[in-house]
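Participant: this is the structure alone, sequence omitted:
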């Protein structure tokens, strides 16, 4: 590696050398710089040109597309790819074990913030799947997930506490997902059997041999900048994926009214659908209030009412629960639980026409965005003892989304071209890193 740089730096560039504004720069001397690669850290000297009032230039830096700091593109690529999946400490420990080199945690954190800078631009220009590849249903989903913040971070909210949780500060990451999918037809009974299996396993119907369609071009993103930014991004991607091949447009949420209001504002008139999992959870709450968690008929009670809901008879279930609320034997807590379920169903009833959705072959669950909240946000950002600054969390969420979306290599090429343009001016091709040049020579 050192020999590669020494040989490249031994040739003095032909004069004259010009600044970006056309000013001729004069040769001064050779200037040292470090380069920290996957092989370790080395120093070398390269020719330096300068003119009064202008920034000095080392032409070799541009020829090799060297980064601004000493850490090489390939080293940052490998370290950051690992850091998007596990803690900084574990990533650096793995780097040291594999390559025998030590990088500071601060250097890794800084690199992630620097290298996430082009994620937004990358997704603005990213090509969408062709019409032949796409499904006929365009699906968008949105949800929120809290990220634990450092105590001195502004604009954080108190976390909602569950049993055993300690009071802390969190900031909501708004998570969005977009994909297309082919129709998948099920009956209401099919969905009931999948969500609430019968207790007697011998009565279960054989599983369908119909292959569940796979989402096409699935993209998940998360932002700490609020719903405006999240839905501006989502609107852009919706517009890019719209076309004659799209026959239906479905927007899924868990029933949070602020998200529903944003979904309604999306272009191309999406049909808002309430996530069936959340709808069923409220039904379980009602069953526990009326019968108790250990009642032997509780599961059958839920199955029957869930079948009504999936068959387009949500009003029947609401009326039954409202009648049950009049029972004077109920405690205030039981009555309050039933009131909550009824209120949730009444407010979301326009989005609970599941008989129509199933007839159209639409998805009715927010599994994609729920999974993203867990996999993209929680699994990485809520590991033991972790607290984040807003900038540090956002940078990592951006790069983690790139990895989860299988865009890592494409993004690295895009980012290196943009990095070269910022440092040295236009570059029409993605220059290989010095490590890859050395490895190619060695091969």
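Facilitator: Arrived safely. Just so it is clear, the structure is predicted and the values come from calculations on it, not from any experiment.

Participant: what helix or strand is the residue nearest the centre of the chain located in?
Facilitator: The chain has residue 221 as the residue nearest its centroid, 3.3 Å off, counting by Cα atoms, centre = their mean. If you go by DSSP states H and E, residue 221 is part of strand 216-223.

Participant: one more: residue 343?
Facilitator: helix 332-348.

Participant: count of neighbours near the residue lying closest to residue 345 once chain neighbours are set aside?
Facilitator: Of all residues not flanking residue 345 in the chain, residue 318 sits nearest, at 5.2 Å (Cβ to Cβ, 6 or more residues apart in numbering). In short, each C-beta sits where N, CA and C put it, glycine included. Residue crowding around residue 318 was assessed by other Cβ atoms under 10 Å; the count is 19.

Participant: hmm, back to that, pull up the pairing partners for the strand holding residue 221, direction included.
Facilitator: According to DSSP bridges, strand 216-223 forms sheet pairs with strand 169-181 (antiparallel).

Participant: centre of the chain to the helix or strand containing residue 250, how far?
Facilitator: Residue 250 belongs to strand 248-253 when elements are defined using DSSP H and E. Averaging C-alpha positions (Cα atoms, centre = their mean, to the nearest Å) puts strand 248-253 18 Å from its chain's average.

Participant: output the lowest mean pLDDT helix or strand found in the chain.
Facilitator: Least confident helix or strand, the chain: strand 157-158 with a mean of 50, by mean pLDDT, DSSP states H and E.

Participant: now the helices for the stretch 301-443 of the chain?
Facilitator: Under the criterion DSSP state H, counting those that start in this stretch, the stretch 301-443 of the chain carries helices at the ranges 314-324, 332-348, 354-360, 367-372, 379-381, 390-404, 408-424, 434-442.

Participant: contacts for the fifth one next, please.
Facilitator: Applying Cβ atoms under 8 Å, 6 or more residues apart in numbering, the external contacts of helix 379-381 come out as 84, 85, 86, 147, 148, 173, 388, 393, 396, 397, 400.

Participant: can you check the fourth one too?
Facilitator: Contacts of helix 367-372 with the rest of the structure, by Cβ under 8 Å, 6+ apart, involve 139, 141-143, 175-177, 179, 215, 218, 220, 222, 252, 254, 275, 277, 404.

Participant: assess the claim that residue 402 and residue 408 are in contact.
Facilitator: Yes: using Cβ atoms under 8 Å, residue 402 is in contact with residue 408, at 5.7 Å.

Participant: of these two, which one has the most company?
Facilitator: In this view residue 402 and residue 408 are compared by other Cβ under 10 Å, and residue 402 has more residues nearby, 27 against 15.

Participant: quick one: contacts for the more buried one?
Facilitator: By Cβ under 8 Å, 6+ apart, the residues touching residue 402 are 84, 119, 122, 408, 411.

Participant: now list the buried members of the contacts of helix 367-372.
Facilitator: Buried residues within those, counting neighbours by 16 or more other Cβ atoms under 10 Å: 139, 141-143, 175-177, 179, 215, 218, 220, 222, 252, 254, 275, 404.

Participant: which one of those residues is nearest to residue 27?
Facilitator: Nearest to residue 27 among these is residue 404, at 48.7 Å by Cβ to Cβ.
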